[in-house]
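# Mind looking at a prediction? Sequence and model below.
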Amino acid sequence: RRWRSSTRYAPTCDLRDTRASLLTPRQPGELRLARMSIQATPRTVARAQGGRDQFLDMLRAWSILRVVAVHIMGLAPVTILWWPAPSFVLPGMPMLFFVSGALALRSLDPTGRRPASTRGFLSDRLRRILLPYWAYFAVVASITIVVDVLRDGDLTQVNYTRMALGPVPLINPITSPSGFLGMVHLWFLVVIIWLTLLAPALVRWHRRTPRLLLLVSVALLVAVPLLARSGHVIYPEIGALALFQFFYVLGFSYTDNGIVSGLPSHRARIRIAGWRALLVGVAFTGVAWVLWRWEHPISIQDSALVQAALGISAIGFMVWLREPLVALAGRIRPQLAWLTRRTLTIYLWGWPCTALAKMAVDKVGLTGWTSMGVFVSLTVLGLVAAVRVFGPIEDIAARRKTVDRDREAPPGRAHIPSKSRVLVSER
């Protein structure tokens, strides 16, 4: 029984490599199961570390790095790469919500081995989101209040009613007109909190009638932008929720293995699924081009329909590249793990660091490529400092140790997650 429970993440094991070192002493009174050599299969490669899907980790890493890069290019004192053209390339926000939906179903799936309770899921996810956000909001709100006290004027006047609603961001947080730059990017937290609250109901709906849920999701995705285009007043929170709920629900299909044909061990079927995904990517790139010709948005943020089509296209291309992405994840595992643990901190502090760097460059009066170099340097240094100071809050929110004590797996062998190690107490 112990052997079976300890190898539930390892379908095939080489007993010759583990026969002599099955049990190794950990500390007095305890023994632990040593690492076992695993014959890599697509499923074990994708989830080789702690039961994590490294493909989803790669999507999340790409998304957050792209967000920072787009913010830098958008505020750069020198136009680079034909801005705003880069905003249309492989959009990151749809991927972030796709990853969130996939992980939500994995946690709440009632048909799973150990589904999380609704209360446990909500408390865990909201704690992970709100603790880093509260630290950020406290800093920004404090600065805004100090500026309001020291300076008179409409631009610095604090809206204390809206600020009081800020700690629980169910609507877009607002402090003052001058503090807009510190709050404009927090729409993401509003949408992800609403989807987190709705996740238990969405998962139950998905398990009963998945096609109906997907149909309703597509209807909302299309109807709300069309209503806004026809002149109806749509609140920003509603528009963003209607757009990104589709990608959240689409993530359910990934967890159900509908997007990659069940992740079978037979590589030919994976290649077929990859080519299917490539066709989807190419097709929706064409759809996005038609929608762009119809709406002529300056950037991707100006059209929800274009962003939706390009988001589907980007996910299709990423699924097509799934095998090389997972292989790359194995080579950069420490960096990927660090980036995954600091995703929310980077998002929260990346935009204000970029905006402050732009203000500093404009204040000094630098121009040309000199201003560009100073701007990028200040942005990177500010973000590194913010992550260094506020990043450990994410570890506290996730109730994990700051330093990962798990040893690295030998080259060419998958890593056995800490969950699968069995502790046997000596009597």
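Structure received. Numbers count the residues shown, from 1 in each chain.
# going on from whichever helix or strand residue 294 is part of, what's the next piece of helix or strand?
Element membership for residue 294 (DSSP states H and E) is helix 267-295. Downstream of helix 267-295, the next assigned helix or strand under DSSP H and E is helix 304-320.
# Tell me what angle the next helix or strand along the chain from that next one forms with helix 304-320.
Using DSSP H and E, the helix or strand that directly follows helix 304-320 along the chain is helix 322-331. Relative orientation of helix 322-331 and helix 304-320, computed by axes from the mean of the first three to the mean of the last three CA atoms, to 10 degrees: 70 degrees.
# In terms of pLDDT, where does residue 81 sit?
With respect to pLDDT, residue 81 has a value of 87.
# three-state assignment of it?
What DSSP: H, G, I helix; E, B strand; the rest coil gives for residue 81 is coil.
# Next, give phi and psi for it.
phi 50, psi 40 (degrees, to the nearest 10).
# Surely it touches residue 70?
No: counting by CB atoms under 8 Å, residue 70 is not a contact partner of residue 81; they are 10.4 Å apart. All C-beta atoms are positioned from the backbone trio N, CA, C, and that covers glycine.
# So for these two, which residue has more residues nearby?
Using other CB atoms under 10 Å, the more surrounded residue of residue 81 and residue 70 is residue 70, with 22 against 11.
# so what's residue 304 closest to, chain neighbours aside?
Closest residue to residue 304 apart from its sequence neighbours, by CB to CB, 6 or more residues apart in numbering: residue 225 at 4.2 Å.
# Let me see the contact set for that neighbour.
239, 242, 243, 303, 304, 305 (CB atoms under 8 Å, 6 or more residues apart in numbering).
# likewise residue 391?
341, 342, 345.
# In terms of pLDDT, where does it sit?
Per-residue confidence (pLDDT) for residue 391: 96.
# Next one: it from residue 178, what distance?
Between residue 391 and residue 178 the distance is 27 Å, computed by CB to CB, to the nearest Å.
# what do you get for residue 90?
34 Å.
# mind showing which ranges of the stretch 251-400 of the chain have poor pLDDT?
258-273 (pLDDT under 70).
# try it again with 50
The stretch 251-400 of the chain contains residues with pLDDT under 50 at 260-266, 268.
# got the buried residues for the one helix or strand residue 248 maps to?
Using DSSP H and E, residue 248 maps to helix 236-255. Within helix 236-255, the residues that qualify as buried are 237, 239-255, counting by 16 or more other CB atoms under 10 Å.
# residue ranges of the helices in the stretch 1-150 of the chain, please?
Under the criterion DSSP state H, counting those that start in this stretch, helices of the stretch 1-150 of the chain are mapped to 2-6, 15-18, 42-46, 54-75, 93-108, 118-150.
# Could you identify which of these has the lowest mean pLDDT?
helix 15-18 (a mean of 39).
# The nearest residue to residue 179 once chain neighbours are set aside and residue 401, how far apart?
Leaving aside its chain neighbours, residue 179 sits nearest to residue 144 (4.2 Å; criterion: CB to CB, 6+ apart). Distance, residue 144 to residue 401, using CB to CB: 34 Å.
# repeat for residue 177
Look at residue 177 and residue 401: by CB to CB, they are 42 Å apart.
# Check the gap between residue 119 and residue 200 for me.
From residue 119 to residue 200 the distance is 9 Å (CB to CB).
# Pick out whichever of these two has more residues nearby.
residue 200 (19 against 9).
# what's that one in contact with, if anything?
Neighbouring residues of residue 200 by CB under 8 Å, 6+ apart: 108, 118, 121, 122.
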